[in-house]
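Enquirer: Give me a model of this one.
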Amino acid sequence: MTELVFGILMVLGCAFVVTRAVIAPPSRTRRAYRLWAVPLFTGLGLAFCSVSYDGVRPPGWPALIYVDYVAVVGFWAGVLFIPAHLSAGWLGWPKVLIPQAFRDSPSWLAEGRLARADRRERKRFGLPPTDHLVEILEINYDSGTDEPKRFYAATCDECDWMEEAETIDPVAELRSAAAKHTTNVAQDVVVKHY
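Expert: Next up is the predicted model:
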């Protein structure tokens with residue numbers, strides 16, 4: 001019986017770890033995520049404990065039927081609350097599942113609509129699609145010879161955009177390429193040594 005108690009405590013601890021540390025849901029939907037993740041993972045863990053117990057149960061010991069029932073109820077309760085989590089994230093409804101600090105922020109679908117509207121407006125005015133900061137990098141790395149190799153690149157940290165240049169005037173080429181991506185290009189060239 002102590003193995004069962006230890007197994008249940010282990011399952012609850014694993015469910016807490018999974019919902020707090022390993023899988024980090026966005027703050028906006030953390031409450032809705034826990035609503036389905038804790039019962040689902042607890043149900044799966046209890047089912048695992050029950051099956052393990054049935055495999056090593058001595059003859060004459062009772063089966064853990066009540067643990068099986070709790071495992072099934074927990075699993076299906078978790079499955080039934082998955083649409084609530086998705087609804088809270090995609091649509092921003094029901095508001096009770098969204099923390100107070102995030103209730104006025106747009107939902108995932110609304111963020112996409114706002115981003116598309118911003119891109120359309122920027123395109124209508126003849127601007128590049130973003131206003132992210134783009135840095136031009138001069139990367140020097142040791143090639144094993146007396147003279148280090150030099151490489152030029154323009155990078156945008158917000159959307160992982162990158163352009164490379166190996167021409168006579170790479171900085172000018174990268175500035176013109178970055179101007180097609182953004183309105184915000186850093187003035188200074190950042191030098192990095194590797």
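Enquirer: what about stretch 134-142, average pLDDT?
Expert: Stretch 134-142 carries an average pLDDT of 86.
Enquirer: can you pull the buried residues of it?
Expert: Residues 134-137, 139 are the ones in stretch 134-142 that count as buried (16 or more other C-beta atoms under 10 Å). (Each C-beta comes from the backbone N, C-alpha and C, glycine too.)
Enquirer: quick one, domains of the chain?
Expert: 2-110, 128-193 (automatic domain parsing).
Enquirer: related to what we said a few turns ago, which of the buried residues of stretch 134-142 fall within strands?
Expert: Members of the buried residues of stretch 134-142 lying in strands (criterion: DSSP state E): 134-137, 139.
Enquirer: so where's the protein shaky on pLDDT?
Expert: Within the chain, the stretches with pLDDT under 70 are 1-8, 10-24, 55-56.
Enquirer: so where do the helices sit in it?
Expert: With DSSP state H, the ranges of helices along the chain come out as 2-17, 30-56, 65-90, 108-124, 170-181.
Enquirer: just checking, what packs against the longest one?
Expert: By that I understand helix 30-56. Counting contacts by 3 or more C-beta pairs under 8 Å, 6 or more residues apart in numbering; DSSP states H and E, helix 30-56 is packed against helix 2-17, helix 65-90.
Enquirer: Pull out the buried residues from that helix.
Expert: Buried residues in helix 30-56, defined by neighbour count with 16+ other C-beta under 10 Å: 30-47, 49-50, 53.
Enquirer: Let me know the outermost residue of this protein.
Expert: In the chain, residue 60 marks the outermost C-alpha relative to the chain mean, sitting 48.9 Å out by C-alpha atoms, centre = their mean.
Enquirer: and that one, how far is that from residue 192?
Expert: Look at residue 60 and residue 192: by C-beta to C-beta, to the nearest Å, they are 71 Å apart.
Enquirer: what's near enough to touch residue 159?
Expert: Neighbouring residues of residue 159 by C-beta atoms under 8 Å, 6 or more residues apart in numbering: 130, 132.
Enquirer: pretty sure residue 156 contacts residue 184?
Expert: No - if you go by C-beta atoms under 8 Å, residue 156 and residue 184 don't touch, sitting 9.3 Å apart.
Enquirer: Looking at the two, which one has more neighbours?
Expert: Neighbours were counted for residue 156 and for residue 184 using other C-beta atoms under 10 Å; residue 156 has more, 19 against 13.
Enquirer: Would you mind measuring from that one to residue 178?
Expert: Separation of residue 156 from residue 178 (C-beta to C-beta): 8 Å.
Enquirer: Can you pull the residues that touch both of those two?
Expert: With C-beta under 8 Å, 6+ apart as the test, residue 156 and residue 178 both reach residue 134.
Enquirer: residues near the residue lying closest to residue 132 once chain neighbours are set aside, how many?
Expert: Closest residue to residue 132 apart from its sequence neighbours, by C-beta to C-beta, 6 or more residues apart in numbering: residue 158 at 4.3 Å. Neighbour count for residue 158, taken as other C-beta under 10 Å: 11.
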